[in-house]
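Trainee: give me a model of this one.
(chains A, B and C)
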Amino acid sequence: MIRFAFRRSAWAIPTLLLVTFLVYIALRMGTDPLASYMRSNPRATRSKIAQYKELNGLGSNYVTGYFSWLQNFVTFNWPKSIKGSREVWPELKDSIANSARLGIAATTVGVTIGLTIGIFAALRPGGKRDVAVNTAAFVGISIPPYISAILLQLLFAVYWSKWFGNTLFPTSGVYPPGQDGFDLVLMLKHMALPTFVVAIQIIAVYSRYMRSSLLDVLNSDYMRTARSKGLSEFRILMRHGVRNALIPVITIAALDIGAIVGGLIITENIFDYPGTGKYFLSAFGNGDFPLLMPLMVIIVASVLLFNLLADISYAILDPRIRLD
Amino acid sequence: MSNSVLQIRDLRVTFNTQLGELRAVRGIDVDVAPGEILGVVGESGSGKSVSFLAAMGLLPKSATITGSVKLDGVELIGAGRKAIRSVRGKSLAMVFQDPLSALNPVHRVGDQIVEMIQSHQDMNTHDAEKKAVELLEIVGIPQPDERARQYPHEFSGGMRQRVVIAMAIANNPKVLIADEPTTALDVTVQAQILEVIQRVQQTFGTAVVLITHDLGVIARVADSVNVMYAGRNVESGSVQSIFDHPSHPYTRGLLSSLPHEGIERLQPIAGFPPNMLAPPSGCGFAPRCQHAIEACNAELPVLTSFEDLLTSCIRADELRVGRRS
Amino acid sequence: MRFSIRGFVLTNTVIPTMSPSQMAWKRFAGHKAALVCCAILGFLVLAVVLSPLTTRYGVNESVKAPPNSYLSPSKLAWLGTDDIGRDLYSRLIYGTRVSLLIGLFSAFISVFVGCVVGAVAGFRGGRFDDVIMRVTDLFLAFPFLVALLVVRNMFGSIEWLTFIIGEVSSLRFIIFLLSFFGWMGVARIVRGQVLALKEREFIEAARASGASRSYIIKRHLIPNSIGPIMVALTFSVVGAISGEATLSFFGYGPQPGAGATSLGLLVGQAKGAVQTGFWWIALFPCLVLVVISLCINFIGDALRDATDPRMDAGK
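Mentor: Residues are numbered from 1 along each chain as shown, chains lettered A, B, ... in the order given. This is a model prediction of the structure:
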């Protein structure tokens, strides 16, 4: 088992390097870091420009450029943002923390509710519960997060205060402006709407996955064997049904993180939530290479990490594939 | 027979399908004496598996079941869920055809047997695990303590079927239903599995219902035989009688279609099995029977005594043949 | 005695049976929701196709002179007007036309490329298959928006490429971009299907009778994959429409010039409407987008059920 994990992770480093290299190329071509720098700092001296080029590995050749960037990156010799020469890490760290909080909250809520609903739907296929769940899931999937975000914003920001005179759920930011220090209740209130929006997507997707996976399992022969043993329905459902149905769901789950992050980015943008989404979009809009590269490295690393976790959890759950 | 451990009377099973009502089982009676091996023989679609799945209560909800199934005098049809659950796995156990799909692939083999034990007996896990290993040994699995910790896919087909049998006998059931236990296995392995079943019968006194389409299997281990066709019993008797002087044309057809000495060409039974959505009104075999007469199509024949057998052929007397032809 | 050859049992009575595609149609038709969606979509498509007739004003025409900004829904403009007085209803129809075209074109390209790549990868296996799988895995696992934006800019900066596929803000480009992301999902579905079919006996039989690889792919694998392919097609369309909307929402979408618009652009304007309280700017484009997505999703799902049924016990 450990060997399996080890072998799988061994591939991760070269892949990480390769993909960051491709990203480097794409960003260098696409955002024209030099021109963006000049735009933001029109009065930069030649030595500053040269220093910028040096730190970001923007030498003439893509390959050597990449390696010189890489060298700076791993030695934490990170260039500063092109706007106002801010340090990259503090901002990045905060935005990641904010997004992570949102993501974890939404995922926990979404996955729990989604799986449970999926199980209930699969128990009576074609029944009223099932139809209701399916329809609701559909609607959930079909409404892109920004639309539900906008509509909710409309509802709470504009109309709720009109009708009720106060804002139940604030629609922007992590804290109201001017807030100093940590306040759990306020933070939760601000997180409520964005979490809900992201969770809708998650619930919709997971309930359908669970339902279809469980339906497949319920028709398997070993379910019949379990029933012939005279076990209680609950035990049969959990230990034999759900346990087996979880396997494909979990593998898809880890790979689905990308979609969740995508939804997060959009939601953050609408609710003015200072997370990685906002960070990325503004950095991208400015062509801010020093801000973008570390973020992309983190994104790539997370994607690879989740891929790896998916593989490993699949092996843990399904003993059949351990002979690798 | 009032000392039957499993007694089935007038069992009927109908399925509600897209194309209409499928009458899979049309009224059968079965008696299984304690400790005997009853062979149930028939082709695909004869209703042999469905009958006993119905007895276990393992049919889908689209099936309508009427009749009586009594295990040691206790009625199973229509009994409450708890009552059936306490019988299943304990007094009445089943072994299925495909051992690979019958075992849950993600649980260890030993754990699956322990689950069977603990759901009907008050035993702690440690003792249950020991018992599981003992059971594996009884069914002839080498190094049972190591094997108990393995997963189903690490076993060969024959070994897996032994595991399934071990699981089924874990609570010392009165009746073990084996639904085509050897069909998915190689011929050489078949003999081993049958031997295991026989050992179980002899050691524990378990009655066995052995469902199969393979007459060779019946000849080897069965004590009595029920022959089914088109959802009905057509003949019933001890294995010697059936093989020696079968009275029903279908049984005779089955026996003579086996390769045996002295023939030059194989002799299949002409025709095709009937459509159970609209079964024939009289004897189910009549359309294919070379001895059929008007009266055969008139009404459903019932099992009647004939010599030392029970047969549903109304012409049994006229068609009497001494030895197998 | 009459014998019926098509049926699950050869008997001396005739049993009414159906071919697999007939059964699939029957199952599809049983999905009432899907039929309703087909009707709704059909209605929408009709409205869009007959656009000069169904719209009330031109796409860049203001409702009355002098231009009246932000009129709420009224007899003059059924769904209200935008900031420079253009009729939202007409713009919605024109915009939907553009988005539907984008969706359909990129979906077809995606499916075509995806089928070819998926079939070859699944059938041949080996390194090609491995590489394709890892690459698509990685791409699909990336957050969609990030990958989209990065790739968009990258392609946009390659001069000879823009000559072929158009400028970054052109329709051609967006179709190309969406197809570039779309084929991967389709390829995986087709590959999976081919892998499953490859082991079936009728393929072995075809091989044994000397059929060439391309013959097998054309005559056996593809026809048996029509179901999943159609499902993939519907989901590609909805994915493309969604993708265009997302891009436009953030300002990275197509700019069809001359005041023309797309559904995504109209939805993008919804952002500002929240602050200003002109609810119709937000509500109607969103509604149209949601309805279209919902309908296509429903139809896709019904197609999937129709072509790959499960035995739901007791239904």
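Trainee: isn't there a strand covering residue B:90?
Mentor: No. Counting by DSSP: H, G, I helix; E, B strand; the rest coil, residue B:90 is not found in a strand; it is coil.
Trainee: isn't it up against residue B:170?
Mentor: No. Taking contacts as Cβ atoms under 8 Å, residue B:90 lies outside contact range of residue B:170: 9.3 Å. C-beta: built from backbone N, CA, C; applies to glycine.
Trainee: between these two, which one's more packed in?
Mentor: Comparing residue B:90 with residue B:170 by other Cβ atoms under 10 Å in any protein chain shown, the one with more neighbours is residue B:170, at 27 against 19.
Trainee: does that one count as helix, strand or coil?
Mentor: Taking three-state DSSP, the label given to residue B:170 is coil.
Trainee: now do it against residue B:10, distance only.
Mentor: Distance, residue B:170 to residue B:10, using Cβ to Cβ, to the nearest Å: 32 Å.
Trainee: chain C contacts on chain B?
Mentor: B:19, B:45, B:60-62, B:272-275, B:277-278, B:287 (Cβ under 8 Å from any Cβ of the partner chain).
Trainee: what do you get if the cut-off is 6 Å, keeping everything else the same?
Mentor: Proximity of chain B to chain C (Cβ under 6 Å from any Cβ of the partner chain) is limited to residues B:60-62, B:272, B:275.
Trainee: can I get these in CSV including pLDDT?
Mentor: Output for those, formatted as CSV (pLDDT from 0 to 100):
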residue, pLDDT
B:60, 84
B:61, 81
B:62, 84
B:272, 79
B:275, 81
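Trainee: could you identify the most distant pair in the residues you listed?
Mentor: The two members of these with the most space between them (Cβ to Cβ) are B:61 and B:272, at 30.2 Å.
Trainee: between the two, who's got more neighbours?
Mentor: Between residue B:61 and residue B:272, residue B:272 has the larger neighbour count (other Cβ under 10 Å), namely 13 against 9.
Trainee: where does the more buried one land in three-state SS?
Mentor: Applying three-state DSSP: residue B:272 is coil.
Trainee: tell me how far it lies from residue B:288.
Mentor: Applying Cβ to Cβ, the value for residue B:272 to residue B:288 is 8 Å.
Trainee: of all residues in the chain, which one is nearest the centre?
Mentor: Since you didn't name a chain, this refers to chain A. Using Cα atoms, centre = their mean, the residue of chain A that lies closest to the mean C-alpha position is residue A:261, 2.5 Å off.
Trainee: that was the other one, I meant chain C.
Mentor: Note: chain C centre (Cα atoms, centre = their mean) maps to residue C:237, 0.7 Å.
Trainee: what helix or strand is it on?
Mentor: For residue C:237, the element it lies in under DSSP states H and E is helix C:226-249.
Trainee: now do the closest residue to chain B within the stretch 51-200 of chain A: how many residues are near it, please.
Mentor: In the stretch 51-200 of chain A, the residue that lies nearest chain B is residue A:124 (10.5 Å; Cβ to the nearest Cβ). By other Cβ under 10 Å, the residues close to residue A:124 number 14.
Trainee: which ones are touching it?
Mentor: Neighbouring residues of residue A:124 by Cβ atoms under 6 Å, 6 or more residues apart in numbering or on different chains: residue A:130.
Trainee: got it, and residue B:201?
Mentor: Contacts for residue B:201 were tallied using Cβ under 6 Å, 6+ apart; they are B:37, B:208.
Trainee: so where's the chain shaky on pLDDT?
Mentor: Reading this off chain A. Within chain A, the ranges that satisfy pLDDT under 70 run A:1, A:158-183, A:322-324.
Trainee: wrong chain, I was asking about chain C
Mentor: For chain C, the ranges with pLDDT under 70 are C:1-18, C:54, C:59, C:62-71, C:73, C:75-77, C:258, C:274-277, C:308-315.
Trainee: got the residues of chain B next to chain C as a markdown table, with secondary structure and distance to residue B:308 columns?
Mentor: Output for the residues of chain B next to chain C, formatted as a markdown table (DSSP: H, G, I helix; E, B strand; the rest coil; distance: Cβ to Cβ, whole Å):
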| residue | secondary structure | distance to residue B:308 |
| --- | --- | --- |
| B:60 | coil | 39 |
| B:61 | coil | 41 |
| B:62 | coil | 40 |
| B:272 | coil | 32 |
| B:275 | coil | 34 |
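Trainee: let me know the secondary structure of the residue nearest to the centre of chain A.
Mentor: Per three-state DSSP, residue A:261 ends up helix.
Trainee: how far away is the closest residue to it other than its chain neighbours from residue A:258?
Mentor: What sits nearest to residue A:261 in space, not counting adjacent residues and going by Cβ to Cβ, 6 or more residues apart in numbering or on different chains, is residue C:143, at 4.1 Å. For residue C:143, the distance to residue A:258 equals 5 Å [Cβ to Cβ].
Trainee: what of residue C:279?
Mentor: 33 Å.
Trainee: those two: which is more packed in?
Mentor: Neighbour comparison, residue C:279 and residue A:258: the larger count goes to residue A:258, with 24 against 18 (by other Cβ under 10 Å).
Trainee: that one falls within a helix, correct?
Mentor: Yes. Residue A:258: assigned to a helix according to three-state DSSP.
Trainee: which residues touch it?
Mentor: Contact analysis of residue A:258 by Cβ under 6 Å, 6+ apart lists C:141-143.
Trainee: let's see if you can find the most crowded of those residues.
Mentor: Counting neighbours by other Cβ under 10 Å, residue C:142 leads the contacts of residue A:258 with 26 neighbours.
Trainee: need phi/psi at that one.
Mentor: Per-residue torsions, residue C:142: phi -70, psi 150 (degrees, to the nearest 10).
Trainee: now it: closest residue in space, sequence neighbours ignored.
Mentor: Closest residue in space to residue C:142, ignoring its immediate chain neighbours: residue A:258 at 5.2 Å, by Cβ to Cβ, 6+ apart.
Trainee: separation between that neighbour and residue A:295?
Mentor: Distance of residue A:258 to residue A:295, given as Cβ to Cβ: 15 Å.
Trainee: pretty sure residue B:316 is touching residue B:305, no?
Mentor: No. The pair residue B:316 and residue B:305 fails to qualify as a contact (Cβ atoms under 6 Å) at a distance of 10.0 Å.
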